[in-house]
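K.L.:
show me the folded form of this:
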Amino acid sequence: MNINHASLYSSVSDLRKSPTRIIKEAKQEVTAIFNHGDLVSYLVPPKLLDELLEMKADKEALERIKNMDLSQAVDVNIDEL
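P.N.:
Coordinates of the predicted model:
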C-alpha cells in the first residue's frame, strides 16, 4: 500500500505532456506522481529539499557524536586556548 504524503498529485503521463504546467500548479507544494495508480515519485520544491537535506545531515552528525569513542578525550579549558 502506498502512502501519499502530498496534497497535490499528477500522473506520469501528465508530467510528460507538460512538466512546466505541473510544476507551476504545484506552487511550491510537494506533488505526488502516480503511474497506473502506484505512487512512484514526489516533486519537491528546492527550498523544502534543502531543509530536508539539512535535517538529514544534522541527524547523521548527532548519530556520529553519539557513537564517538571518548576514551581518549582530554578536558580543555577554552580560556587557555
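K.L.:
any figure for the gap between the nearest residue to V30 once chain neighbours are set aside and V44?
P.N.:
Nearest residue to V30 in three dimensions, chain neighbours excluded: A6, at 4.3 Å (C-beta to C-beta, 6 or more residues apart in numbering). Every residue, glycine included, has its C-beta placed from N, CA and C. When distance is defined by C-beta to C-beta, to the nearest Å, A6 is 9 Å away from V44.
K.L.:
what do you get for R21?
P.N.:
Relative to V44, and taking C-beta to C-beta, R21 is found at 18 Å.
K.L.:
in this protein, which residue is most central in space?
P.N.:
Among the residues of the chain, L52 comes closest to the average C-alpha position under C-alpha atoms, centre = their mean, at 3.8 Å.
K.L.:
list the contacts for that one?
P.N.:
Listed by C-beta atoms under 8 Å, 6 or more residues apart in numbering, the contact set of L52 reads V44.
K.L.:
okay, now the unreliable bits of this protein?
P.N.:
1 (pLDDT under 70).
K.L.:
what distance do you get for K24 to M68?
P.N.:
On the measure of C-beta to C-beta, K24 and M68 end up 47 Å apart.
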